[in-house]
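In: coordinates only, sequence not included:
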């Protein structure tokens with residue numbers, strides 16, 4: 001029996017660590033475990049994935065999980081994102097966890113075995129920021145034959161391994177256990193290995209350099225991608241306190257702040273602001289930039305949730 005899990009999130013949400021926590025918990029429970037992230041697109045806000053297999057027998061498979069028995073979606077805006085392909089290889093019996101307060105009005109393809117918990121709000125309340133690794137791991141473990149005790153020990157091991165202090169480790173344990181207890185369990189039906197889709201090797205012939213190397217042919221198309229849908233919190237400028245110093249404009253890593261008008265007042269492009277809050281942290285005038293939390297309603301209104 002092999003249970004195949006695929007975790008989807010965005011760069012900065014710590015899905016690699018979430019996979020490691022679940023893999024360690026499975027190992028502590030007596031299973032064989034294999035976890036690996038998808039390397040390459042770890043830029044903040046970019047879609048990322050992590051792959052996990054647990055089994056009571058030898059695991060001969062490697063690499064991408066093509067036919068997941070469980071899909072964990074840390075950011076619901078990824079459901080309709082063709083770059084993320086969260087439903088790639090899913091079948092109707094695949095179980096899916098979505099980090100969202102409610103499943104009302106939410107469609108995840110044709111999947112019917114859906115469960116949810118608001119990991120983001122729990123993480124902000126306990127950790128002070130939307131780092132989701134322990135919470136998502138707790139929710140995934142709820143769907144697996146892994147005990148609460150193994151989850152708790154795995155969080156301690158992995159959080160200590162990345163250098164967190166004792167208090168931070170304790171808070172991550174609380175987050176994992178809260179999400180474990182709060183996530184409704186749905187049935188998981190592992191796909192027998194012999195029923196896995198078989199892939200045929202395709203031999204690629206020689207191609208000229210203009211075809212075979214990575215050239216960006218359609219430049220300047222980044223504006224078409226509304227990267228602001230990933231935001232959890234938004235910076236808000238109080239122009240009565242803003243001195244027009246331009247520090248926020250200089251520090252914004254996404255060029256989401258422009259200077260407008262004769263007084264060079266900073267204007268935030270919320271369609272592309274990812275909510276990194278660097279502008280808030282670097283602003284030299286206290287209260288000139290404040291932070292507002294955003295919720296599911298804003299994401300649904302923007303078309304970010306399908």
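Out: Nice, thanks for sending it over. Just so it is clear, the model here is predicted, and its values are computed rather than measured.
In: What's the end-to-end length of stretch 233-249?
Out: 18 Å (CA to CA, to the nearest Å).
In: can you check stretch 126-146 too?
Out: 24 Å.
In: Flag every buried residue along it.
Out: Residues 126-127, 130-144, 146 are the ones in stretch 126-146 that count as buried (16 or more other CB atoms under 10 Å). Quick note: C-beta positions are derived from backbone N, CA and C, even for glycine.
In: same question for the helix or strand harbouring residue 153, mean pLDDT?
Out: According to DSSP states H and E, residue 153 maps onto helix 148-161. Averaged over helix 148-161, pLDDT sits at 96.
In: Spell out which helix or strand contains the most far-flung residue of the chain relative to its centre, please.
Out: Distance to the chain centre peaks in the chain at residue 262, reaching 40.5 Å (criterion: CA atoms, centre = their mean). For residue 262, there is no enclosing helix or strand under DSSP H and E.
In: How confident was the prediction at it?
Out: 91.
In: Any figure for the gap between it and residue 269?
Out: Separation of residue 262 from residue 269 (CB to CB, to the nearest Å): 20 Å.
In: need the helices for the stretch 1-150 of the chain, in chain order.
Out: 15-28, 119-127, 133-142, 148-161 (DSSP state H, counting those that start in this stretch).
In: Mind putting these into JSON lines with distance to residue 168?
Out: Below are the helices of the stretch 1-150 of the chain laid out as JSON lines (distance: least, CB to CB, whole Å):
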{"stretch": "helix 15-28", "distance to residue 168": "13"}
{"stretch": "helix 119-127", "distance to residue 168": "8"}
{"stretch": "helix 133-142", "distance to residue 168": "10"}
{"stretch": "helix 148-161", "distance to residue 168": "7"}
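In: looking at these, which is buried most?
Out: Comparing the helices of the stretch 1-150 of the chain by mean neighbour count (mean count of other CB atoms under 10 Å), helix 133-142 comes out on top with a mean of 30.
In: Contacts made by that helix with the rest, please.
Out: Residues from elsewhere that reach helix 133-142 (CB atoms under 8 Å, 6 or more residues apart in numbering): 5, 7, 9, 13-19, 21-22, 25, 70, 72, 74, 97, 99, 115, 117, 119, 122-123, 150-151, 154-155, 159, 172-173, 175-180, 183, 185.
In: before we move on, what about stretch 37-53?
Out: Contacts of stretch 37-53 (CB under 8 Å, 6+ apart): 2-13, 15-16, 18-19, 22-23, 26, 33-36, 59, 61, 63-65, 78, 81, 83-84, 227, 230, 274, 276.
In: shaky segments in the stretch 101-250 of the chain?
Out: For the stretch 101-250 of the chain, the stretches with pLDDT under 70 are 194, 197-200, 210-219, 221-222.
In: I'd like the next helix or strand past the helix holding residue 153.
Out: Following helix 148-161 toward the C-terminus (DSSP H and E): helix 166-182.
In: list the contacts for residue 242?
Out: 265-266, 285, 288-289.
In: Out of those, which end up buried?
Out: 266, 288-289.
In: Compile these into JSON lines and extend it with columns for secondary structure and distance to residue 256.
Out: Formatted as JSON lines, the buried ones among the contacts of residue 242 follow (DSSP: H, G, I helix; E, B strand; the rest coil; distance: CB to CB, whole Å):
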{"residue": "266", "secondary structure": "strand", "distance to residue 256": "10"}
{"residue": "288", "secondary structure": "coil", "distance to residue 256": "17"}
{"residue": "289", "secondary structure": "strand", "distance to residue 256": "13"}
